[in-house]
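1. from the sequence below, what's the structure:
(one chain, ligands or ions: 2)
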Amino acid sequence: MIIAIDGPAASGKGTIARRLAALYGLPHLDTGLLYRATAAALIGADRDLYDESAAVAAARGLGLTDFDEVVLRSREMGEAASIVAAMPGVRHALLEAQRAFAARPGGAVLDGRDIGTVVCPRADVKIFVTASAAARAQRRALELAQRGERADYAAILADIQKRDARDSERTAAPLRPAEDAVRLDTTPLGVEAAVAEAARIVESARVRA
Ligand SMILES: Nc1ncnc2c1ncn2[C@@H]1O[C@H](COP(=O)(O)OP(=O)(O)O)[C@@H](O)[C@H]1O
Ligand SMILES: Nc1ccn([C@@H]2O[C@H](COP(=O)(O)OP(=O)(O)O)[C@@H](O)[C@H]2O)c(=O)n1
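-> Ligands and ions are numbered 1, 2, ... in the order given. Below is the predicted model:
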């Protein structure tokens, strides 16, 4: 079974994807880390983030496991990731590895922006996770504060809105729900309720299959 989870920044898609993967015994790929790692490689090599050929080379050089999540999950890296993610060459360089991950025997759970639309258009289950920008900014502020990163709510809200706009308005694989995705608004839901609702969506897709 392939489960595709998409949605905007800090909507809770990673949390839901990890929990569904554990529930169904499936491997999980957080595809945002690929774009974050591409950006981190450019920054580490002191290259311009808008240099598409350097970004493509960085994307091609990535493994799927060599991630330092402490560095990659910073605010700065989220913003940098969305710059390189708008480049068609970068998306193309990362596509095959994501599809190969999804094609593992037994299936997989992938989360990102274009899993249901581009990476796995034939996924068995597609969930598009949303939440209000205010709820997402609050969650991300709490997450960053827990990790010891300075977390100014207003700045995080502005970051999220800018990144949502860049991700939705780009021409290469923009953030949007697949036509056959089920939408899950987690604004009023805690983690447990959101995961339970996502599991219910998976179960009803399995009944239909
Ligand atoms: N339904 C929820 N209610 C409250 N907090 C949540 C919920 N879902 C996720 N979180 C928290 O919000 C933050 C962002 O969630 P995450 O799953 O990483 O989002 P995304 O992968 O969409 O960026 C994390 O700290 C997570 O624990
Ligand atoms: N499948 C994906 C995953 C992430 N991305 C890009 O990578 C950035 C970081 O993604 P992420 O999922 O790690 O970010 P959060 O939603 O966790 O804040 C996004 O803002 C997108 O620009 C993408 O374009 N396609």
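
2. what number of residues lie near Ala40?
-> For Ala40, the count of nearby residues is 23 (other Cβ atoms under 10 Å). C-beta here means a position set from N, CA and C on the backbone, and glycine is covered the same way.

3. please determine how far it is located from Leu72.
-> 6 Å (Cβ to Cβ, to the nearest Å).

4. how about the strands in the chain?
-> Per DSSP state E, the chain carries strands over the ranges 2-6, 28-30, 108-112, 125-130, 182-185.

5. which among those is found nearest to ligand 2?
-> strand 108-112 (2.3 Å; Cβ to the nearest ligand atom).

6. just checking, what packs against the closest one?
-> Using 3 or more Cβ pairs under 8 Å, 6 or more residues apart in numbering; DSSP states H and E as the contact test, the elements touching strand 108-112 are strand 2-6, helix 13-24, strand 28-30, helix 88-102.

7. with just CA atoms, put the last one into CSV.
-> It stands for helix 88-102. What follows is helix 88-102, C-alpha atoms only, in CSV (Å, rounded to 0.1, in the frame of the first residue of the first chain):
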residue,chain,number,x,y,z
PRO,A,88,12.4,22.0,-12.3
GLY,A,89,16.0,20.5,-12.6
VAL,A,90,16.2,19.9,-8.9
ARG,A,91,12.7,18.3,-8.8
HIS,A,92,13.7,16.1,-11.7
ALA,A,93,17.0,15.1,-10.0
LEU,A,94,15.1,13.9,-6.9
LEU,A,95,12.1,12.2,-8.6
GLU,A,96,13.5,8.8,-9.3
ALA,A,97,14.8,8.2,-5.8
GLN,A,98,11.4,9.1,-4.4
ARG,A,99,9.6,6.8,-6.8
ALA,A,100,12.0,3.9,-6.1
PHE,A,101,11.3,4.4,-2.4
ALA,A,102,7.6,4.2,-3.0
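
8. so who does Leu33 touch?
-> Counting by Cβ atoms under 8 Å, 6 or more residues apart in numbering, Leu33 touches Phe67, Glu69, Leu72.

9. contacting residues around stretch 190-200?
-> So stretch 190-200 is contacted by Ile5, Gly12, Thr15, Ile16, Arg19, Leu20, Leu23, Ile127, Val129, Leu184, Thr186, Leu189 (Cβ under 8 Å, 6+ apart).

10. let's see that with 6 Å instead.
-> Applying Cβ atoms under 6 Å, 6 or more residues apart in numbering, the external contacts of stretch 190-200 come out as Gly12, Thr15, Ile16, Arg19, Ile127, Leu184, Thr186.

11. which of those residues come close to ligand 2?
-> Residues of these in contact with ligand 2 (Cβ under 6 Å from any ligand atom): none.
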